[in-house]
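Q: predicted coordinates and the sequence they were generated for:
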Amino acid sequence: MTPTNHCYLVSGTQNLETFPYKVGDQEILLVDTPGFDDTNLSDTAILYMIADWMEQTYEDGALLSGIIYLHKITDNRMDGASMKSLRLFRSLCGEDNLSNVILGTTMWGLVDEATGVKREKDLEENYWKEMMDKKTSMRRISTNPDDAKILVESFLRNMPFVTQIQEELKKGTPLSQTGAGAALRDEMEKMSERYKQELETAKTKMEKAYIKRKWPPRSLYENPLTHEGNATLKAELMTQMEEIKKNLARVEGEKIKLEKDASRSRLPKQTRSFFTSNWECLGGCRRVTSTKGEWYCKHCKITQKNIR
């Protein structure tokens with residue numbers, strides 16, 4: 001990385017997007033990444049996306065100077081999904097780089113001060129304490145542009161660093177065997193086991209729902225096999241079991257995808273020119289454009305999208 005180029009990673013969007021920014025003669029690249037447990041992307045897809053970007057920028061010699069992890073202060077607690085995301089985040093960064101991380105709390109305008117302060121203290125003294133003991137900083141992220149500018153520029157004092165996953169991929173470690181890959185696999189194993197237990201519980205309830213009532217029936221008109229309460233319960237259990245099976249199949253599928261590291265697709269090579277304004281056509285003609293976003297190459301006759 002050249003002295004005038006700095007990268008800052010921010011977690012909190014659905015797509016990996018980059019935004020060039022300049023402070024004096026220093027070029028800065030802000031990178032907005034999806035967070036784990038996204039509603040539209042699987043954790044495996046997000047890991048691929050972030051790992052690819054980190055691998056490619058490292059090959060280009062562009063290193064990170066800081067990472068911001070965003071957490072909504074409107075969340076009244078750190079649930080299982082939040083804890084999982086934090087564990088995966090740490091495995092990407094590496095414990096030795098936590099001093100370059102800022103844990104940012106957002107959406108302060110949507111909670112009263114007393115509630116926000118209470119949750120902030122809970123995060124600092126419990127859920128984030130281990131990271132803060134390793135010199136991770138904690139900040140309130142406001143909507144004031146000046147505050148955001150000060151926050152980003154504070155990273156200029158940092159020494160650029162190599163993340164754990166960048167070091168592992170550089171050594172040729174398959175993504176599934178990196179610290180982040182192993183952490184994700186462990187999380188999926190836990191999810192798979194939980195779904196299997198839920199499925200067994202639902203099956204047991206279903207079997208009980210089919211047990212006939214003791215004879216004689218409560219009335220001459222009651223059919224012990226078609227009792228309304230039993231029929232409703234059976235329908236609910238069938239729906240529940242189908243949903244659990246879908247979730248279980250999804251997790252098992254993601255486990256397989258993670259192991260198939262060799263077949264994972266990389267980001268287009270053109271995304272490596274982070275500090276230039278030119279983009280090379282993906283069709284093979286090697287023509288260059290400065291157009292950002294979607295564009296059409298007349299020579300190759302293909303529409304493509306430049307990612308930055």
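A: Cool, got the structure.
Q: low-confidence bits of this protein, can you list those?
A: The chain contains residues with pLDDT under 70 at 1-14, 210-230, 261-295, 299-302, 304-308.
Q: can you give me the helices in the stretch 151-300 of the chain?
A: Here the stretch 151-300 of the chain has its helices, by DSSP state H, counting those that start in this stretch, at 164-170, 179-209, 228-259.
Q: can I assume residue 69 sits in a strand?
A: Yes - looking at residue 69 with DSSP: H, G, I helix; E, B strand; the rest coil, it is inside a strand.
Q: mind listing what it touches?
A: Residue 69 sits next to 11, 86, 89, 101, 102, 103, 104 when contact means C-beta atoms under 8 Å, 6 or more residues apart in numbering. Glycine gets a C-beta too; all of them are placed from N, C-alpha and C.
Q: of all those, which comes closest to residue 203?
A: Comparing these against residue 203 with C-beta to C-beta places residue 86 closest, at 33.8 Å.
Q: re the thing from before, tell me which of the contacts of residue 69 fall in helices.
A: 86, 89 (DSSP state H).
Q: would JSON lines of the contacts of residue 69 with distance to residue 198 and neighbour count be doable?
A: Shown next, in JSON lines, are the contacts of residue 69 (distance: C-beta to C-beta, whole Å; neighbours: other C-beta atoms under 10 Å):
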{"residue": "11", "distance to residue 198": "29", "neighbour count": "21"}
{"residue": "86", "distance to residue 198": "24", "neighbour count": "19"}
{"residue": "89", "distance to residue 198": "27", "neighbour count": "20"}
{"residue": "101", "distance to residue 198": "35", "neighbour count": "22"}
{"residue": "102", "distance to residue 198": "37", "neighbour count": "19"}
{"residue": "103", "distance to residue 198": "33", "neighbour count": "23"}
{"residue": "104", "distance to residue 198": "35", "neighbour count": "20"}
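Q: report the central residue of this structure.
A: Nearest to the mean C-alpha position of the chain, by C-alpha atoms, centre = their mean, lies residue 36 at 2.0 Å.
Q: show me the contacts for that one.
A: Per C-beta under 8 Å, 6+ apart, neighbours of residue 36: 43, 46, 47, 84, 85, 88, 89.
Q: just put those residues in CSV and tack on distance to residue 199.
A: Formatted as CSV, the contacts of residue 36 follow (distance: C-beta to C-beta, whole Å):
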residue, distance to residue 199
43, 21
46, 26
47, 26
84, 21
85, 25
88, 26
89, 30
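Q: of the residues you listed, closest to residue 66?
A: residue 89 (13.8 Å).
Q: any idea what sits nearest the closest one, other than its immediate chain neighbours?
A: Nearest residue to residue 89, sequence neighbours excluded (C-beta to C-beta, 6 or more residues apart in numbering): residue 69, at 5.8 Å.
Q: circling back to that earlier point, now, of the contacts of residue 36, which are buried?
A: 43, 46, 47, 84, 85, 88, 89 (16 or more other C-beta atoms under 10 Å).
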